[in-house]
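**Q** Show me how the following folds:
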Amino acid sequence: MAESHVVSGLVAKRSELAGLIEHYQAEVRRMGCDISHIDAAIKLFDPEYDLRTIRSKIHRKRNVYFKQGECARLVLDILRRANTPMATDEVAIALMKGKGLDANNAELVKFTKKAAITALRQQANRNLIQSLGLDEDGLTLRWKVAA
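**A** Below you'll find the model as predicted:
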């Protein structure tokens, strides 16, 4: 038989998630009403306007640790200062040190590594840096500034 504290914890988590679902469903309904009112206002000013041509704006979660473009610039600076090609993890660690972030916070390390990977890919797509491929372990990419 399952431990009672395990069951009570799962019940509490389920209750929390069900409450969040109800909250966000209510928000979606409210926003749907708002869109209907805005559509009606657009039609008042321009009855011929095709509302299907309005594209949804992508909602992106803001990065609280790096300003817009800062991570990409820092990654490029790190690779420029490096004497040898660097592994992705090494770039992420240098990025954390450069920003003064706590390397003991596992969640922050994971977040910074993800940001570093994104920045490395962006810079590689711009041909500012290049990947030297995988190391012998088959898991680690090495990066350097493009010639």
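
**Q** Please make it C-alpha for all contacts and neighbour counts, starting now.
**A** Noted.

**Q** Pull out the buried positions in stretch 88-97.
**A** The neighbour-count criterion (16 or more other Cα atoms under 10 Å) identifies Thr88, Asp89, Val91, Ala92, Ile93, Ala94, Leu95, Met96 as the buried residues of stretch 88-97.

**Q** which non-adjacent residue is nearest the fourth one?
**A** Pointing back at Ala92 there. Counting by Cα to Cα, 6 or more residues apart in numbering, Ala92 lies nearest to Lys113, which is 5.1 Å off, once chain neighbours are set aside.

**Q** tally of neighbours for that neighbour?
**A** The number of residues packed near Lys113 is 20, by other Cα atoms under 10 Å.

**Q** Which residues are in contact with it?
**A** Thr88, Asp89, Ala92, Ile93 (Cα atoms under 8 Å, 6 or more residues apart in numbering).

**Q** Next step: those restricted to helices.
**A** When the contacts of Lys113 are checked against helices using DSSP state H, the ones located there are Thr88, Asp89, Ala92, Ile93.

**Q** Out of those, which comes closest to Arg29?
**A** Nearest to Arg29 among the ones in helices among the contacts of Lys113: Ala92, at 41.1 Å, using Cα to Cα.

**Q** so how far is Gly9 from that closest one?
**A** 36 Å (Cα to Cα, to the nearest Å).

**Q** do the same with Ile129
**A** Taken as Cα to Cα, the spacing of Ile129 relative to Gly9 amounts to 48 Å.

**Q** With neighbour numbers in mind, choose between these two.
**A** Ile129 (21 against 11).

**Q** ok, back up a step: which of the three states applies to the residue nearest to Ala92?
**A** helix (DSSP: H, G, I helix; E, B strand; the rest coil).

**Q** So which elements touch the lengthiest helix in the chain?
**A** Among the elements of the chain assigned as helix by DSSP H, the one spanning the most residues is helix 4-45. Based on contacts counted as 3 or more Cα pairs under 8 Å, 6 or more residues apart in numbering; DSSP states H and E, there is no element that helix 4-45 packs against.

**Q** and whichever helix or strand comes after that helix, what does it pack onto?
**A** For helix 4-45, the succeeding helix or strand toward the C-terminus, using DSSP states H and E, is helix 70-81. Using 3+ Cα pairs under 8 Å, 6+ apart as the contact criterion, the neighbours of helix 70-81 among helices and strands are helix 88-99, helix 106-125, strand 141-145.

**Q** No further queries at this time; thank you.
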